[in-house]
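K.L.:
Give me coordinates for this.
(2 chains)
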Amino acid sequence: MATLSLQHIDKIYDNNVQAVFDFNLDVKDGELIVLVGPSGCGKSTTLRMVAGLEDISNGHLFLDGKDITQTPAKDRDMAMVFQSYALYGHMTIYENMAFSLTLRKEDPNVIHKKVLAAAEILGLTSQLNKKPAQLSGGQRQRVAMGRSIVRNPKVFLFDEPLSNLDAKLRGATRREILLLHKRLQATMLYVTHDQTEALTLADRIVCMSMGHVQQVGTPLELYDSPNNVFVASFIGLPPMNFYDVKVVGGELQGNGFKAVLTPEEKAVLAGYEGKEITLGVRPENFTEGSDIKVTVTNNENLGMNTLVYGSVGNTGVKVTAKLKGWKNYKVGDTASFSITRKHFFDKETTNAIRGGK
Amino acid sequence: MSMSNEDRLIKRDRMRYIKNKSSANLAYLAILLDVIYFVSIYQSDVETWYYRWIIGISIVYNLIFMLAAFLSSEGVKNYQKNYTFVELALGVIQFVRIFILPVPAYNATLTVGDVTIQIMHSAQFTLCVVCLIASGVCLIVSGVINYIKCNELAAHMKSLENQNA
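P.N.:
This is a model prediction of the structure:
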């Protein structure tokens, strides 16, 4: 397999619109990197630049240490799996999977071996004589992956491959991709706007917004220590709650509530005494307690957990709490919550406040 | 270059997923050659010689031939052994057809006043005969290839069944 290095990459279109700004990333051999972000953030553009389907305006792309910035797509030894599968409807699954190798005029017997091996890995052996129209969406996506596998490329590129599938199938196919990655130990770049896919699949996540990389890190790092408000709000479901608070003495004063700071938190906020900051609280970091009184507006039981939606007193400040167990709050009830974990962000820069770290 | 046993086995196994394109393509070629024959056979300055019951039969047979040959091409594409015999029959009939229209037309003359006119000229005759022979050969070769491949595939499938049993 291969290492991939993206250095200071920009994408500027002919109409001077810049889609990607100074993108830097080193992908290790066998690593699965997920590019995540909202629509239009430049993640697919970045992937297409790596594939060679878009020109790189500035910067350099290295594959195994070799500069391939100007190398045509066909010579990059990368395989791409698209959201739309891009299968040939008139060909059988076998022919679809063998197609790229047939074009390269490989020995038919070698092609046969590779196709059967890929079909075995993907559980498609019994489907090889069928046409794509006879398969489900998940099976079609597996065929698209199989078409990539037979080429034995240095890097696999996935462009939102699960977006066309329903929720159940998406979960199953996601697990298959993960198993495939473990089995092939291949270097993979995976683009998605679905944070669940990102968190479950990635060795490392690249979170993007408006063409800029916001944070690169492991799923836990992005979830637990987001770099800024954008990453904090994008990663996690339901999203993080944000409150404007003032640091006064040993506590945070918000609109309608106060929260006491621990000694460690005080140390982190040492430079912010008397200033306003943004407090971030994940829904799962609320527990039933006494810090914040919330007027319940909705109660959703999810079995293991309950989502409680409300506002702080009559201030209109929204709260979403994810409580363990089955709760039965009624609309208009007053619920009291405590905060078990707080995230602090600079109000001006929106960057995380990490004290001396 | 000699083929190893493994290569031979893989080649047979490929037939499970790859259609018998060689046989099918030969059948298509046979249809094309028949069309060329049919289009060229009635080209004549002497208009009345062909106006007999044979012209109707010839037209109807050509339609039947094209349909049967096309169905056969689809059949052999999917390794259906029965279509081998249809192709062989169609191929043999193509040879017979040489003696039904082209040869009599080539030998026939018509006297208008004191001028004797040959119904079919040599070049036209040659084209018609070549098309029919080539069409017949294509069908027979297609049938033979299909027969051999069907037997190989059947034997291979049986061996796979035995392995799985």
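K.L.:
burial count for the closest residue to residue A:253 other than its chain neighbours?
P.N.:
In space, and not counting its chain neighbours, residue A:253 is closest to residue A:246: 4.8 Å by Cβ to Cβ, 6 or more residues apart in numbering or on different chains. (Each C-beta comes from the backbone N, C-alpha and C, glycine too.) Residue A:246 sits with 17 neighbouring residues when counted by other Cβ atoms under 10 Å in any protein chain shown.
K.L.:
tell me the SS of residue A:246?
P.N.:
Classification of residue A:246 using DSSP: H, G, I helix; E, B strand; the rest coil returns strand.
K.L.:
Please give me every residue in contact with it.
P.N.:
With contact set as Cβ atoms under 8 Å, 6 or more residues apart in numbering or on different chains, residue A:246 has these partners: A:252, A:253, A:254, A:274, A:275, A:276, A:277.
K.L.:
Residue B:93 now?
P.N.:
Residue B:93 sits next to B:65, B:136 when contact means Cβ under 8 Å, 6+ apart.
K.L.:
can you confirm it is in a strand?
P.N.:
No: counting by three-state DSSP, residue B:93 is not part of a strand but helix.
K.L.:
for residue A:65, phi and psi?
P.N.:
Main-chain dihedrals, residue A:65, degrees, to the nearest 10: phi 80, psi -10.
K.L.:
In this model residue A:2 seems to touch it, though I could be wrong.
P.N.:
No: Residue A:65 lies out of contact with residue A:2 (Cβ atoms under 8 Å); the separation is 9.6 Å.
K.L.:
between these two, who's got more neighbours?
P.N.:
Per other Cβ under 10 Å, whichever of residue A:65 and residue A:2 has more neighbours is residue A:2, with 19 against 8.
K.L.:
Tell me the pLDDT of whichever residue of the stretch 1-150 of chain A sits closest to chain B.
P.N.:
Per Cβ to the nearest Cβ, residue A:94 is where the stretch 1-150 of chain A lies closest to chain B, at 3.9 Å. Looking at residue A:94, its pLDDT is 95.
K.L.:
How about the one 10 residues further on?
P.N.:
The predicted local distance difference test score for residue A:104 is 89.
K.L.:
For it, give me phi and psi.
P.N.:
The phi and psi values for residue A:104, taken as degrees, to the nearest 10, are phi -80, psi 0.
K.L.:
if we can go back for a sec, what is the neighbour count of the residue of the stretch 1-150 of chain A closest to chain B?
P.N.:
25.
K.L.:
Isn't it up against residue B:19?
P.N.:
No: Residue A:94 is beyond contact range of residue B:19, at 10.1 Å (criterion: Cβ under 8 Å).
K.L.:
sec struct for whichever residue of chain B sits closest to chain A, please.
P.N.:
In chain B, the residue that lies nearest chain A is residue B:17 (3.9 Å; Cβ to the nearest Cβ). Under three-state DSSP, residue B:17 falls in the coil class.
K.L.:
Once you drop chain neighbours, what's closest to residue A:199?
P.N.:
residue A:219 (4.5 Å).
K.L.:
Let me see the contact set for that neighbour.
P.N.:
A:198, A:199, A:200, A:202, A:205.
K.L.:
pLDDT at residue A:77, what is it?
P.N.:
Residue A:77 carries a pLDDT value of 90.
K.L.:
For it, which non-adjacent residue is spatially closest?
P.N.:
Setting aside the residues directly before and after it, residue A:77 is nearest to residue A:154 in space (Cβ to Cβ, 6+ apart), at 4.6 Å.
K.L.:
mind listing what the one you found touches?
P.N.:
So residue A:154 contacts A:1, A:2, A:63, A:64, A:77, A:78, A:187 (Cβ under 8 Å, 6+ apart).
K.L.:
max-length helix in the chain?
P.N.:
Assuming you mean chain A. Identified as the longest helix of chain A according to DSSP state H is helix A:167-184.
K.L.:
meant chain B actually
P.N.:
helix B:122-164.
K.L.:
so for that helix, what's the average pLDDT?
P.N.:
Here helix B:122-164 scores 94 as its mean pLDDT.
K.L.:
Quick one: low-confidence residue ranges for the chain.
P.N.:
In the absence of a named chain, chain A is used. Scanning chain A for pLDDT under 70 picks out A:1, A:356-357.
K.L.:
actually it's chain B I care about, not the one you picked
P.N.:
In chain B (pLDDT under 70), the answer is B:1-2, B:45-47.
K.L.:
In its sheet, which strands sit next to the helix or strand hosting residue A:287, and in what direction?
P.N.:
Assessed by DSSP states H and E, residue A:287 sits inside strand A:286-301. Partners of strand A:286-301 in the sheet, by DSSP bridges, are strand A:305-312 (antiparallel), strand A:334-339 (antiparallel).
K.L.:
residues contacting the residue nearest in space to the middle of chain B?
P.N.:
Centroid-nearest residue in chain B: residue B:139, 3.5 Å away (criterion: Cα atoms, centre = their mean). Under the criterion of Cβ under 8 Å, 6+ apart, the neighbours of residue B:139 are B:26, B:27, B:30, B:69, B:72, B:87, B:88, B:90, B:91, B:94.
K.L.:
As JSON lines, these with secondary structure and distance to residue A:42 would be great.
P.N.:
Formatted as JSON lines, the contacts of residue B:139 follow (DSSP: H, G, I helix; E, B strand; the rest coil; distance: Cβ to Cβ, whole Å):
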{"residue": "B:26", "secondary structure": "helix", "distance to residue A:42": "54"}
{"residue": "B:27", "secondary structure": "helix", "distance to residue A:42": "54"}
{"residue": "B:30", "secondary structure": "helix", "distance to residue A:42": "57"}
{"residue": "B:69", "secondary structure": "helix", "distance to residue A:42": "57"}
{"residue": "B:72", "secondary structure": "helix", "distance to residue A:42": "56"}
{"residue": "B:87", "secondary structure": "helix", "distance to residue A:42": "59"}
{"residue": "B:88", "secondary structure": "helix", "distance to residue A:42": "64"}
{"residue": "B:90", "secondary structure": "helix", "distance to residue A:42": "62"}
{"residue": "B:91", "secondary structure": "helix", "distance to residue A:42": "63"}
{"residue": "B:94", "secondary structure": "helix", "distance to residue A:42": "65"}
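K.L.:
which of those residues count as buried?
P.N.:
Buried by 16 or more other Cβ atoms under 10 Å in any protein chain shown: B:26, B:27, B:30, B:69, B:72, B:87, B:88, B:90, B:91, B:94, out of these.
K.L.:
Was I right to think the fifth one contacts residue B:89?
P.N.:
In other words, residue B:72. No: contact criterion Cβ under 8 Å: residue B:72 and residue B:89 do not qualify, at 9.6 Å.
K.L.:
got the contacts of residue A:154 as JSON lines, with secondary structure columns?
P.N.:
Formatted as JSON lines, the contacts of residue A:154 follow (three-state DSSP):
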{"residue": "A:1", "secondary structure": "coil"}
{"residue": "A:2", "secondary structure": "coil"}
{"residue": "A:63", "secondary structure": "strand"}
{"residue": "A:64", "secondary structure": "coil"}
{"residue": "A:77", "secondary structure": "coil"}
{"residue": "A:78", "secondary structure": "strand"}
{"residue": "A:187", "secondary structure": "strand"}
